[in-house]
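Asker: Here is a sequence together with a model predicted from it:
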Amino acid sequence: MCNPDDPHPCTTGEPPEELARTDTRGHAQRQHDALNALVRGQLGNPKLGVHKGLPVTVIVSTTLAELLAGTGHAITAGGTLLPMRDLIRMASHAYHYLAVFDHHTERPLYLGRTKRIASPDQRIVLYAKDRGCTRPNCDVPAYWTEAHHKKSWARGGTTDITNLTLACNPDNGIAENGWLTIQTADGQTQWIPPPHLDHGQPRTNNYHHPERQLISSRASGRTAALATRRWTPSASPTRRCPARPVLDAIPRRTRPTRRRRRPDTESRPAAQFRRAPQC
């Protein structure tokens, strides 16, 4: 029957007559609920195998403030944005790994030299922290990456969460060919190329962290605004503009005064100025 409204729905065998009598769903809704129960039951089956040490699982990272508010978007380890309402609905039928962050001392996140391969708990933390390959300009999501030792295992590196980062298969290979991976003070991973390949390229990858680019652009915008701020003269009437002495020193152009031309009486004959006799 797979009726989600029943406290104990029947998922195998023939349902009792009482459950069939109280079921008021249509044919399409019954098929939908049956398919939903089938998918949930099979995806949670451990016999399906694992992917990079983890069972078939949707790993989602978000902030506690957005989760409590029920708004915004979460991001999966594959780089997909998930509305908060869908995340809450999915979480009601999922196994929660919030204890990895809230009580991390109780989880095996610091393995030292006892193991070279990262544990499932370590991979979950890396999925939420790095979200994908940390090499600059790489867009491979976290699902298709490997746990990479910042200080390589061959040089005495430990399998601790502080020494691990995510790298895709090709980038994990070039790290052994002269590249160095170090951790900054804010927890980001820097990739230092060999000297003959170092051309001033970026050291960190912000592709999987668009919020870093927003913070960087806002900071650069504030710097540009301060650099282009103009000088504003004081409102005091006694203070003169610093450019006034220079303006006063520039000679001003003046138009020459035009004089009216008087009639030339000397060159004209006197007969022209005589009046005609009146009759």
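Answerer: Perfect, I can see it now. Keep in mind the model is a prediction, meaning the values are calculated, not measured.
Asker: who touches W191 in this structure?
Answerer: Neighbouring residues of W191 by CB atoms under 8 Å, 6 or more residues apart in numbering: T134, R135, P136, A175, W179, L180, T181, R203, T204, N205. Yep, even glycine has a C-beta here, placed from its N, CA and C like the rest.
Asker: swap that for D139, sorry
Answerer: G132, C133, Y207, H208.
Asker: Confirm for me that the last one is in contact with G132.
Answerer: Spelled out, it's H208. Yes: if you go by CB atoms under 8 Å, H208 and G132 touch, sitting 3.9 Å apart.
Asker: What is the burial count for H208?
Answerer: Using other CB atoms under 10 Å, H208 has 20 neighbouring residues.
Asker: Quickly find the element holding it.
Answerer: In the assignment (DSSP states H and E), H208 maps to no helix and no strand.
Asker: what separates it from S119, distance-wise?
Answerer: H208 sits 22 Å away from S119, going by CB to CB, to the nearest Å.
Asker: likewise R21?
Answerer: The value you get for R21 to S119, if CB to CB is used, is 50 Å.
Asker: between those two, who's got more neighbours?
Answerer: Neighbours per residue, other CB under 10 Å: of R21 and S119, the larger number sits with S119, 19 against 8.
Asker: gap between that one and A185?
Answerer: Counting by CB to CB - S119 and A185 are separated by 26 Å.
Asker: now the helices: where do they sit in the stretch 51-200 of the chain?
Answerer: 64-69, 84-91, 99-102, 120-130, 169-174 (DSSP state H, counting those that start in this stretch).
Asker: Please name the residues that touch T63.
Answerer: By CB under 8 Å, 6+ apart, T63 has no neighbours at all.
Asker: Just the buried residues of the contacts of W191.
Answerer: Buried subset of the contacts of W191 (neighbour count, 16 or more other CB atoms under 10 Å): T134, R135, P136, A175, T181, R203, T204, N205.
Asker: any idea how the chain splits into domains?
Answerer: For the chain, automatic domain parsing gives the domain ranges 1-43, 102-219.
Asker: mind checking which of these is nearest S92?
Answerer: domain 1-43 (11.2 Å; CB to CB).
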